[in-house]
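1. pasting the sequence and the predicted model now:
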Amino acid sequence: MPTIADYLELTVEQAVSQWRAVLRRTFTPGVRQEDFTPVETLLCLAASLVFNHRRYRGSTAYLAEEPIPTLARLFRRPNGSLIAKMGNLDGGLAHAARHEVHVASTLLCDPERLEVTYRTILQAGRETGIGSDELPDFLDLEEGDELHLLGQEELTYSDLEIAVQEKVANWSRKAPDLPERVTERLLVASVRVGQHRFARDVLDKHGYRCAFCGLGVKTKGRAAQRMLVASHIKPWRVSTSVERLDPQNGVAACPTHDVAFDTGLLGIDHELWVHVRPDIQEAVQADPAARSSFGSPPLSRRLLLPQGATAPGRQYLDWHYVNVFQRP
């Protein structure tokens, strides 16, 4: 049985040995699977940054998107096994191993440490002869980028406290033997990871460009992500837990237009026309600086979306138009 140190202090040499064991494995349907190695478990944890396992159940596991199918083939396991392991790691299953939950809460609350662990596993895989087709760099870190959780600027300390208080009672009933400190840390991590996945989905659906002015870059790397903000249309603190994670409750914006939208200087109606508050319109006529941000151009008259992209949800646009832009 692996110890916490086997996960948190994993070395390249240990990971190489585990990869070799994985590559020798065969999968036979109906036969009990071998226990997950730390390498497999830690990759499932890293995959939680880009894959929401809660969208799938046993009967729909075959529909899981990448990186789950590729990792499943490499591990010689069905998709459902990886999804179940992710459920263990987030404390969502009552029978989850306590040390795995502890590992998950530790690494998800310390992205730098998770980055080091992920790089260790990739390096060991490459040294074992596992190429990028079999083991993809799904966090895009092999080229030297740093692990950066998106969308965290929306989460204040009080927001995190509220989210934890909403869930802590339910989680305590589900896993009463978990120490309170571990439970709270895991809940904070789950909120941050959920916000990261939300931001990533919104930026992707908007083509990594500001929906108000089109600012962006053509590459899909870290620079493209950090130039923009994935802003909630209906603010995070007044949204339900489902609304907080719904990509249709988000819009990609450059920092200037993000602040303007959040503070009600800009509004979007249900037909996606962009509206500017009257006093800002007056400023545009008199001030070249205001014109450079709120004139047309660069400000689009209608929300800019890639061809075929799903538009923001009307219920969120209507809420913002009335409560933030303050127009009936």
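-> Received the coordinates, thanks.
2. surely residue 142 touches residue 121?
-> No. In this structure residue 142 lies outside contact range of residue 121 using C-beta atoms under 8 Å: 11.3 Å. C-beta coordinates here come from the backbone N, C-alpha and C atoms, glycine included.
3. which one's more surrounded, these two?
-> residue 121 (23 against 14; other C-beta atoms under 10 Å).
4. distance check, that one against residue 44.
-> Using C-beta to C-beta, to the nearest Å, one gets 11 Å for the distance from residue 121 to residue 44.
5. try residue 86
-> Residue 86 sits 5 Å away from residue 44, going by C-beta to C-beta.
6. please apply the same query to residue 252.
-> Counting by C-beta to C-beta, the gap from residue 252 to residue 44 is 29 Å.
7. if we can go back for a sec, compare residue 86 and residue 44 and say which is more crowded by neighbours.
-> residue 44 (27 against 23).
8. can you report phi and psi for residue 10?
-> Torsion angles at residue 10 (phi, psi; degrees, to the nearest 10) stand at phi -60, psi 130.
9. give me the buried positions along stretch 59-79.
-> 61, 64, 67-69, 71-72, 74-79 (16 or more other C-beta atoms under 10 Å).
10. what's the following helix or strand after the strand or helix carrying residue 242?
-> Assignment of secondary structure by DSSP states H and E places residue 242 within helix 241-244. Counting by DSSP H and E, the next helix or strand C-terminal to helix 241-244 is strand 250-253.
11. for that following strand, which strands pair with it and how are they oriented?
-> strand 229-232 (antiparallel) (DSSP bridges).
12. give me the contact list for the strand it pairs with.
-> Residues outside strand 229-232 that contact it (C-beta atoms under 8 Å, 6 or more residues apart in numbering) are 150-151, 153-154, 198-203, 239, 244, 249-255, 258, 261-262.
13. using CSV, write out every CA atom in it.
-> Taking C-alpha atoms only, strand 229-232 is exported to CSV below (Å, rounded to 0.1, in the frame of the first residue of the first chain):
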residue,chain,number,x,y,z
VAL,A,229,-10.3,37.3,-18.4
ALA,A,230,-13.1,34.8,-18.4
SER,A,231,-15.7,36.9,-16.6
HIS,A,232,-18.9,35.7,-15.1
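14. which parts of that strand are buried?
-> 229-232.
15. out of those residues, which is nearest to residue 276?
-> residue 231 (16.9 Å; C-beta to C-beta).
16. beta-bridge partners for the closest one, please?
-> Assigned bridge partners for residue 231, using DSSP bridges, are residue 251.
17. tell me who's in contact with residue 291.
-> Residues near residue 291 by C-beta under 8 Å, 6+ apart: 284-285.
18. in the strand or helix carrying it, what counts as buried?
-> According to DSSP H and E, residue 291 maps onto helix 288-294. Applying a neighbour-count criterion of 16+ other C-beta under 10 Å, one finds 291, 293-294 buried in helix 288-294.
19. can I get that helix as PDB, trimmed to CA atoms?
-> Below are the C-alpha coordinates for helix 288-294, written out as PDB (Å, rounded to 0.1, in the frame of the first residue of the first chain):
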ATOM      1  CA  PRO A 288      -9.400  60.500 -27.200                       C
ATOM      2  CA  ALA A 289      -8.400  58.100 -24.400                       C
ATOM      3  CA  ALA A 290     -11.900  57.100 -23.800                       C
ATOM      4  CA  ARG A 291     -12.500  56.800 -27.600                       C
ATOM      5  CA  SER A 292      -9.500  54.400 -27.800                       C
ATOM      6  CA  SER A 293     -11.300  51.900 -25.500                       C
ATOM      7  CA  PHE A 294     -15.000  52.600 -26.000                       C
END
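20. quick check: which helices or strands does the next helix or strand after it pack against?
-> Remark: after helix 288-294, the chain's next helix or strand is helix 314-323, criterion DSSP H and E. Using 3 or more C-beta pairs under 8 Å, 6 or more residues apart in numbering; DSSP states H and E, the elements in contact with helix 314-323 are strand 266-268.
21. check which element follows the strand it packs on along the chain.
-> Per DSSP H and E, the first helix or strand lying C-terminal to strand 266-268 is strand 274-276.
22. strand partners of that next one, parallel vs antiparallel please.
-> When DSSP bridges is applied, strand 274-276 pairs with strand 266-268 (antiparallel).
23. rewinding a little: pull the distance from the helix holding residue 242 to the chain's centre.
-> Between the centre of helix 241-244 and the centre of its chain there are 14 Å (C-alpha atoms, centre = their mean, to the nearest Å).
24. offset the numbering so it begins at 490, please.
-> All right, first residue 490 from here; so that's helix 730-733.
25. pull out the buried residues from it.
-> 732-733.
26. stretch 787-795 too?
-> 787-789, 792-794.
27. between the residues you listed, which is closest to residue 805?
-> Nearest to residue 805 among the buried residues of stretch 787-795: residue 792, at 12.6 Å, using C-beta to C-beta.
28. how close does residue 778 get to residue 769?
-> Between residue 778 and residue 769 the computed distance is 12 Å (C-beta to C-beta).
29. understood, closing this out.
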